[in-house]
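> structure for the following, please:
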Amino acid sequence: MPEALLPDLQQILSQLISFILLLIILRRFAWRPLLTMLDRRRAHIEESLRQVARSKEDVARLQADYAQRLAKIEDEARQKIQQAILEGKRISLEIQEQAREQAASAMTKSKEAIELEVAKAKVQLRDHVARLTMDAVEKILRQKVDPKTDRQLVDAVLDDLEREGSHT
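Model (predicted):
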């Protein structure tokens, strides 16, 4: 039996030496580069996570800025609408005032035109009454007096009538 142990022991020893050599070689040539690569990968991942966090902060800041700008724009729009309403009311009042002025002007012109027409009618009526009076006087007197005298008599009668009419 001891002989059977010996080849196993040699085999175990040779495998143990091979394993230790393999570990030394792996540690020297593969382990350090592998650890360096893993460290770089970890650092890269950490930097990516920091960038993501910064990006989230930037997005949150941009959203807050956007909300603030939007509120400002809404306020400006509300103010402009209020200004437009006030301007519309002011223009409406101006138009109403112009319409009142035009109506008053038209009324004044109408009164002046009526007064002028009344004055013309009075003159025509006076002339007509003068002719009627001259015709009546001529018929009464059955004679014709000269036109200048006729006119003076009629004017005097009409003046008397006007004075009496203005006193009553």
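> report the rounded mean pLDDT for the longest helix along the chain.
In the chain, with assignment by DSSP state H, the single longest helix is helix 32-141. Mean pLDDT, computed over helix 32-141, is 89.
> for that helix, packing partners?
helix 147-167 (3 or more C-beta pairs under 8 Å, 6 or more residues apart in numbering; DSSP states H and E). C-beta: built from backbone N, CA, C; applies to glycine.
> the helix it packs on: which residues count as buried?
150, 154, 158 (16 or more other C-beta atoms under 10 Å).
> quick check, nearest of those to residue 57?
The closest of the buried residues of helix 147-167 to residue 57 turns out to be residue 158 (C-beta to C-beta; 106.3 Å).
> show me the contacts for the closest one.
Counting by C-beta atoms under 8 Å, 6 or more residues apart in numbering, residue 158 touches 126, 129, 130, 133.
> check the gap between residue 12 and residue 48 for me.
Distance, residue 12 to residue 48, by C-beta to C-beta, to the nearest Å: 48 Å.
> picking up where we left off before, turn the buried residues of helix 147-167 into TSV, including pLDDT and distance to residue 83.
Converted to TSV, those look like this (pLDDT from 0 to 100; distance: C-beta to C-beta, whole Å):
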residue	pLDDT	distance to residue 83
150	73	77
154	77	72
158	80	68
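> could you export these as TSV, including distance to residue 57?
Listed next are the buried residues of helix 147-167 as TSV, based on distance: C-beta to C-beta, whole Å:
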residue	distance to residue 57
150	116
154	111
158	106
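> from the residues you listed, pick the one nearest residue 93.
The closest of the buried residues of helix 147-167 to residue 93 turns out to be residue 158 (C-beta to C-beta; 52.7 Å).
> quick check: the gap between the closest one and residue 151.
Distance, residue 158 to residue 151, using C-beta to C-beta: 10 Å.
> can you list residues touching both of the two?
residue 130.
> circling back to that earlier point, out of the buried residues of helix 147-167, who's nearest residue 104?
residue 158 (36.4 Å).
> report pLDDT for residue 168.
Residue 168 is assigned 61 on the pLDDT scale.
> many thanks, I have nothing further to ask.
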